[in-house]
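Engineer: 3D, please:
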Amino acid sequence: MEHATSSPGGGRSAAPAGDHPLLAMRGIVKRYAGVQALRGVDFEVVAGEVHALVGENGAGKSTLIKIVSGVEQADAGEVLLDGRRVRFNSTAAALQAGIGTVFQEPHVFADLTVAENVFVGREIRTPDGRVDWEEQQRRCLQLLEQLHIDPRIAERTMELLPVATWQLVSIAKALAAEARILIFDEPSAILTARETETLFEVIRRLRERGVGVIYISHRLDELWLVTDRVTVLRDGQHVATAATADLTPGKVAELMVGRELTEHAREEGERSAEPALQTRGLGLPGKFSGVDLEVRRGEVVALYGLIGCGADDVALALYGIEPAKEGEVRVAGKPVRVGSTAAADTNGIALLPADRKRQGMFGLHSVAFNIAAGNLRRLRRAVAFVDRGAERKAATNLVQRLNVRTPSIDQRVSLLSGGNQQKVMLARQLLTNPKVLVLEEPTQGVDVGAKEEIHRIIWELAAGGVGVLAVSSDLPEVLRVADRILVMRDGRIVAEFARGVSDVDVLAAAAGRLQQQTGKEAGDGH
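Structural biologist: Below you'll find the model as predicted:
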């Protein structure tokens, strides 16, 4: 039997072979306080396929997944599992029915062992009701071997293992519950390239076993490495479903945003020779050492490297979160001491952190509150009072300047899309009128349309005279946004490249295979 839905070209897109869908969602509707999150969405997964679910932040992906995994219930429509109508009132009920979810940030008990995490809530028990530790250990070893994971980790506590392994343990937990449908929600966002490839190998083996996989990712290039079909949502509606092979990244991006997506080139203008930021011999033992860098006014410099290279630690040191112990920092040519975040603010350095939800966003508070947070000194009208009028005026101006899509500045920030949350966090930093703006993974977790807007904002800030240091592990972003690229490896800057360099050369430098003819060794007179 062929399962088909409308494709972008108006034809039909067949699903992989199967008697019927493992999972079918028909006419799903969901409303939140007057906001229509889903508008009659259809979606299905058949046995042995990897089906991508993509869309901009706010398109409805998360809501759809919450409904199928038991976190939320639909207001209308139906969910069919093996052709039978189901309705889950909890994630435990969904898992019991064979639907498991692997989140971007896995939910584990750090102080329990791998085996205990795999069976938590579903412990294997002896006839007299005691936990059968020996049988759990045996079953855990079997699952780890199936996933090609070193079985010796079964007795280790989770806190001793890398986050990538946490995800694999989450997969083992779902398989222990005999899950036939696995949902992966942005699984590669926190993984290295090698860890991502391991994840893809696991997903391919799951497909061979007949498991149906739903794969959600903002990294569109991944879809052609691991998925069979792609479904696009936009504004809570189903836009298209097609075989991955029949699409291109550009076409998927256009379907997501609802228009032809043209990348805007940066308008080249004169950049000042005056340095906004300089470091000499910057070091923090165990993290990085001998870091010499310069960012001129009006310039965007990228600090790039593979995960663990030390670039993120440099960003934290420049903002005084983990201050450097060695070397010198200069802002606008003057030596400064950055021993705290307050000192960084005072000296004109601002930081947009990588993890907005954990490092600064007050999700239950308004847009205005989040922009003003940390800037109350600038908004006081008296020693003990905040000028609420000034706070609202500043928030309104920045929301307009950065094109934050929100009903009002009183909207709770957690209700905004990821891209708009990121722009609110950026607005907070701009309220300080920084001379230097350090951006740590500036577009992590945002969709393709928001990424383009944030790049435009970065260029506009540079054009206004700000020195921008973008710390990013996203190589396509680095190549697109930066005037110069500094490559870090093992806690040191090892190469510098000008705009227009190839991705191969930058990766070679980051991995320790620097090609002398295209890049310059750090310390070689640049």
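
Engineer: how many neighbours does residue 405 have?
Structural biologist: For residue 405, the neighbour count with other C-beta atoms under 10 Å is 15. From N, CA and C alone the C-beta is placed, and that goes for glycine too.

Engineer: checking it next. Helix, strand or coil?
Structural biologist: Under DSSP: H, G, I helix; E, B strand; the rest coil, the three-state class of residue 405 is coil.

Engineer: what number of residues lie near the nearest residue to it once chain neighbours are set aside?
Structural biologist: Among residues not flanking residue 405 along the chain, residue 420 sits closest, at 5.3 Å (C-beta to C-beta, 6 or more residues apart in numbering). Residues near residue 420, counting by other C-beta under 10 Å, number 24.

Engineer: doesn't residue 437 make contact with residue 315?
Structural biologist: No. In this structure, residue 315 is not within contact of residue 437 by C-beta atoms under 8 Å, at 11.0 Å.

Engineer: beta partners of residue 275?
Structural biologist: For residue 275, the beta-bridge partners under DSSP bridges are residue 296.

Engineer: any idea of the pLDDT on it?
Structural biologist: At residue 275, the pLDDT value in this model is 92.

Engineer: which ones are touching it?
Structural biologist: By C-beta atoms under 8 Å, 6 or more residues apart in numbering, the contact list for residue 275 reads 294-297, 330, 332-333, 467.

Engineer: just the buried residues of those.
Structural biologist: 294-297, 330, 332, 467 (16 or more other C-beta atoms under 10 Å).

Engineer: closest to residue 456 out of these?
Structural biologist: When the buried ones among the contacts of residue 275 are ranked by distance to residue 456 (C-beta to C-beta), residue 467 comes first, at 17.8 Å.

Engineer: could you find the closest non-adjacent residue to that closest one?
Structural biologist: Closest residue to residue 467 apart from its sequence neighbours, by C-beta to C-beta, 6+ apart: residue 276 at 2.6 Å.

Engineer: and for residue 479?
Structural biologist: According to C-beta to C-beta, 6+ apart, the nearest residue to residue 479 is residue 503 (6.1 Å).

Engineer: just the C-alphas of the helix or strand harbouring residue 312, formatted as CSV.
Structural biologist: Using DSSP states H and E, residue 312 sits within helix 311-318. Output of helix 311-318 as CSV, limited to C-alpha atoms (Å, rounded to 0.1, in the frame of the first residue of the first chain):
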residue,chain,number,x,y,z
ALA,A,311,37.0,29.2,22.2
ASP,A,312,34.0,29.2,24.5
ASP,A,313,36.3,29.6,27.5
VAL,A,314,37.9,32.7,25.9
ALA,A,315,34.4,34.2,25.5
LEU,A,316,33.6,33.5,29.2
ALA,A,317,36.9,35.0,30.2
LEU,A,318,36.4,38.2,28.2
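
Engineer: for the record, mean pLDDT for the next helix or strand after that helix?
Structural biologist: Moving toward the C-terminus from helix 311-318, the next helix or strand (DSSP H and E) is strand 326-331. On average, the pLDDT along strand 326-331 is 96.

Engineer: C-alpha coordinates for strand 326-331, CSV please?
Structural biologist: Only the C-alpha atoms of strand 326-331 are listed here, as CSV (Å, rounded to 0.1, in the frame of the first residue of the first chain):
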residue,chain,number,x,y,z
GLU,A,326,47.4,35.6,32.5
GLY,A,327,47.8,38.2,29.9
GLU,A,328,46.3,41.6,29.1
VAL,A,329,42.9,42.9,27.7
ARG,A,330,42.6,46.3,26.0
VAL,A,331,39.3,48.0,25.0
